[in-house]
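> Return a 3D structure for these sequence lines:
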Amino acid sequence: MGNKKLWILALAALLWAPPLWAKLVDGIAVIANHEVMTQGELEESIQAYFIGQGLKVPPPKSPDYAKARQQVLNSFIEEVALADEADAEKIDVTDAEIDHSLDQQIDDMKKGYPTEAEFDKALATQGMTPDDLKQDLRVQLARRLKAQHMLRQKQSDLPQSLVVSDDQARQYYAQHQEDFNQAHFAIILFKVPAGSKADYAAEVKAQAQQVLQQLKAGGDFAAAAKKYSEDAGSADKGGDIGTVAKTALEPKLAKGVFATPVGALSLVAGVDGFYIVKVFSKNQEDFDAVASDIKDQLRKGNQDQALKDWVESLKKKVYVQYSKDLTDEAAADLPYDSLKAPAAAAPLTTAPGASAPVSGTLPNAVASATTIASDSVSVEKAPVYSSLPDEGNTTLDLSVLPWAYGTGDLEQNYPAGTKVDQGFPFGLGGEFGVETTLDPQLQVGLRLQVSDKFAAQVTDATGTKGVWSQNAVGLLAGPRFLLPLSDGLNLDLSALGGYYLLFGGSTAFSGTHSGVLYLDGGNFGGQLGADLEAFLDEEKTWSLDWGASYRRLVVNPTVHGGVTGYSLPSYQVDFSGFQSTLGFRFYVDK
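Just a heads-up that it's a prediction; the model follows:
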């Protein structure tokens, strides 16, 4: 048996909870707030869902597989919602409790291996050590235990006594009278273990039919039950089960029992095998006999519904994002989407004594306060946050650039002894950008940038004064890398390049020499930058950016006009230098 198969079997005790420790470096299937489930983890969880029930895993395109996927995803979202609510309520778990669960979890995993050395070897093939496993399990178990504590606390807070009137109970009784049928009968069970081959089941059925013919010919049922029946609870009593309500029986057996006339014998195929059934009597329970049970069941149903509604309200606070592949493959089966309300649960009614509540289908987390499915986070997997955009999203940028740079270009245009007077902050700029998302952490786009280098007065050794006015507009393109620091804060790194044109540039001379030079021209330039992006709303649709960048842009302009009796050795306009950024980003279709 391969290692992967052994891992799945080792986790079967967790029913269909997603494996907590699997080291999977693959595509993300779903994000719920700050928690991630990869595609590989989702598939293994679905397999564990069936294996934990002793069932064969169906084909991925089948309805049963789709239903299991929905259950796994729904439980993942519910646990994240409950754990986050526990954090908000400051509900925590002790180290001792985590340690106990951790030891139990690892012991369960080791049961799938002949020796501990084989277990460690299997870990090594996943790129893990026992310490890695414990560290990952500790984090995940802490979240699972917090979710369980939160659920139990809410259950204890629900009203334990809700008034159910006699009229409500009688109405339920009238609508479900068949559920209150009961029968006194006896059985002889011929077991067929789960997973048995068809030939074996046929042999067992033939044996049961042979015994049935002997009984119909006048054989002693009680003696046959003691001799043949594999039902330990009734064999010694001659197969007598007593009087049992229909709803307390396994559905296949119940159908066969109540289809058998009083005093008759029949062969019934059930979940555990084949039953020879003998019915002694049938009757319907009176309302007075079951009124108390009905009221208890209705009260429990109301409490369960209240708990279900509460969990659903928590889920609506969870940011849920599915991968494009998963959405394309199973859009109709995804249990919850942040952009859509979850589908309402189908109503379900049962009689007292049944496992499901009267009022409706419970969410997975509510169905068991002690077993809550959890997601699996890979050991080396980078965290993914709701601050990151989806593939294909469009982002608009609007920023101002109060920036500073040197005066080397002005000094270069003059001989030694030049005095430059340029006040802080030296310049101002603005940007407007449009970006599209190629990957949650990679965007590319275009940006229109305007820069105004504030006027600077230059006085040379001859007493001539020149006032420089320089402006440029550029169209730039390049990538932006988004690195999430928390669920509401990104570090953005950008690289831009493009072409700039001078506009409205001039130099006015006065003093010993006078005149005006007009500057035209352009050149390629670029910049590297980093900024912090802090989101200002819960939906993560707009953010405030603050950062810095370095731009390289030097233009040797074409000069128009002149200065009486004066010439400059060279002309250069330099916009190079560091600049700060302050602006807003808008995620248009996030």
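> C-alpha from now on. contacts and neighbour counts both.
Will do.
> Who are the contact partners of the residue nearest to V563 when sequence neighbours are not counted?
Distances taken as CA to CA, 6 or more residues apart in numbering put G515 closest to V563, at 4.3 Å, once the chain neighbours are dropped. G515 sits next to A508, F509, G561, G562, V563, T564 when contact means CA atoms under 8 Å, 6 or more residues apart in numbering.
> Okay, and the beta partners of F578?
Beta-bridge pairing of F578 under DSSP bridges involves Y550.
> no no, G515
Under the criterion used (DSSP bridges), G515 bridges to F509, V563.
> any idea how far D574 is from it?
22 Å (CA to CA, to the nearest Å).
> what do you get for F76?
From F76 to D574 the distance is 56 Å (CA to CA).
> same thing with V555?
6 Å.
> Which of those two has more residues huddled nearby?
V555 (22 against 19; other CA atoms under 10 Å).
> Does the more buried one touch D520 like I think?
No: look at V555 against D520 with CA atoms under 8 Å: they stay out of range, at 9.2 Å.
> Most neighbours among the contacts of G515, which one?
F509 leads those on contacts (other CA under 10 Å) with 23 neighbours.
> List the residues that contact that one.
Contact analysis of F509 by CA under 8 Å, 6+ apart lists T464, K465, G466, V467, G515, V516, V563.
> Check A456 too.
V420, D421, Q422, G423, V467, W468, S469 are the contacts of A456 under CA under 8 Å, 6+ apart.
> mind redoing it with 7 Å?
Under the criterion of CA atoms under 7 Å, 6 or more residues apart in numbering, the neighbours of A456 are V420, D421, Q422, V467, W468.
> and those as a markdown table, adding pLDDT?
Shown next, in a markdown table, are those (pLDDT from 0 to 100):
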| residue | pLDDT |
| --- | --- |
| V420 | 77 |
| D421 | 76 |
| Q422 | 71 |
| V467 | 83 |
| W468 | 81 |
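> circling back to that earlier point, and the contacts of F509 as TSV, adding distance to D236?
Shown next, in TSV, are the contacts of F509 (distance: CA to CA, whole Å):
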residue	distance to D236
T464	122
K465	119
G466	116
V467	113
G515	122
V516	118
V563	123
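> right, and out of these, which lies closest to G242?
Taking CA to CA as the measure, G242 sits nearest to V467 out of the contacts of F509, at 109.0 Å.
> Let me know how buried the closest one is, in neighbour terms.
V467: 18 surrounding residues under other CA under 10 Å.
> Looks to me like it is in a strand.
Yes: assessed by DSSP: H, G, I helix; E, B strand; the rest coil, V467 belongs to a strand.
> quick one, strands of the stretch 51-200 of the chain?
Assigned strands in the stretch 51-200 of the chain, in chain order: 181-191 (criterion: DSSP state E, counting those that start in this stretch).
> quick one, helices of this structure?
3-10, 39-51, 63-88, 95-110, 116-125, 130-157, 166-175, 198-216, 221-228, 251-259, 287-315, 324-330, 364-367, 408-412 (DSSP state H).
> what number of residues lie near F274?
F274 has 24 nearby residues by other CA under 10 Å.
> nearest residue to it other than its sequence neighbours?
Once flanking residues are discounted, F274 sits nearest to F190: 5.2 Å by CA to CA, 6+ apart.
> And P484, by the same measure?
Distances taken as CA to CA, 6+ apart place N490 nearest to P484, at 4.2 Å, with adjacent residues excluded.
> do the same with N393
Excluding its sequence neighbours, the residue lying closest to N393 (CA to CA, 6+ apart) is T437, at 5.3 Å.
> Please name the residues that touch that neighbour.
Applying CA under 7 Å, 6+ apart, the residues near T437 are D390, E391, G392, N393, T394, Q443, V444.
> what are the bridge partners for the nearest residue to L536 once chain neighbours are set aside, then?
Leaving aside its sequence neighbours, L536 sits nearest to S543 (CA to CA, 6+ apart; 5.4 Å). Beta bridges link S543 to F535, R585, judged by DSSP bridges.
> Wait, S543 touches D531, no?
No: between S543 and D531 there is no contact under CA atoms under 7 Å: 11.6 Å.
> Return the member of the contacts of T437 nearest to Y499.
Distances from Y499 to the contacts of T437, taken by CA to CA, are shortest for V444, at 17.0 Å.
> From D390, how far off is that closest one?
Taking CA to CA, one finds V444 at 13 Å from D390.
> What of P193?
49 Å.
> The two: who's more crowded?
For P193 and D390, the more surrounded residue by other CA under 10 Å is D390, and the numbers stand at 21 against 12.
> Quick check: closest non-adjacent residue to the more buried one.
In this structure, D390 finds its nearest non-sequential neighbour in P440, 5.5 Å apart by CA to CA, 6+ apart.
> just G430 next, same as before
Nearest non-adjacent residue to G430, counting by CA to CA, 6+ apart: V400, 4.3 Å away.
> ok, now which ones touch the one you found?
G429, G430, E431, T581, L582, G583.
> Which among the residues you listed count as buried?
G429, G430, E431, T581, L582, G583 (16 or more other CA atoms under 10 Å).
> Please flag which of those sit within strands.
Mapping the buried ones among the contacts of V400 onto strands (DSSP state E) picks out G429, G430, E431, T581, L582, G583.
> just checking, the first one touches V450?
It refers to G429. Yes: applying CA under 7 Å as the test, G429 and V450 come out as touching, 5.4 Å apart.
> Could you list the low-confidence segments of the stretch 351-500 of the chain?
351-386, 404-409, 411-412, 415-416, 423-425 (pLDDT under 70).
> swap the cut-off to 80 and go again
351-387, 390-391, 402-427, 440, 454-456, 460-464, 486-487 (pLDDT under 80).
> thinking again about what came up before, may I have the beta-bridge partners of the residue nearest to G430?
If you apply DSSP bridges, the partners that V400 bridges to are G430, L582.
> quick one: it from D296, how far?
66 Å.
> May I ask which helix or strand of the chain has the lowest mean pLDDT?
Ranking every helix and strand in the chain by mean pLDDT, DSSP states H and E puts helix 3-10 at the bottom, with a mean of 33.
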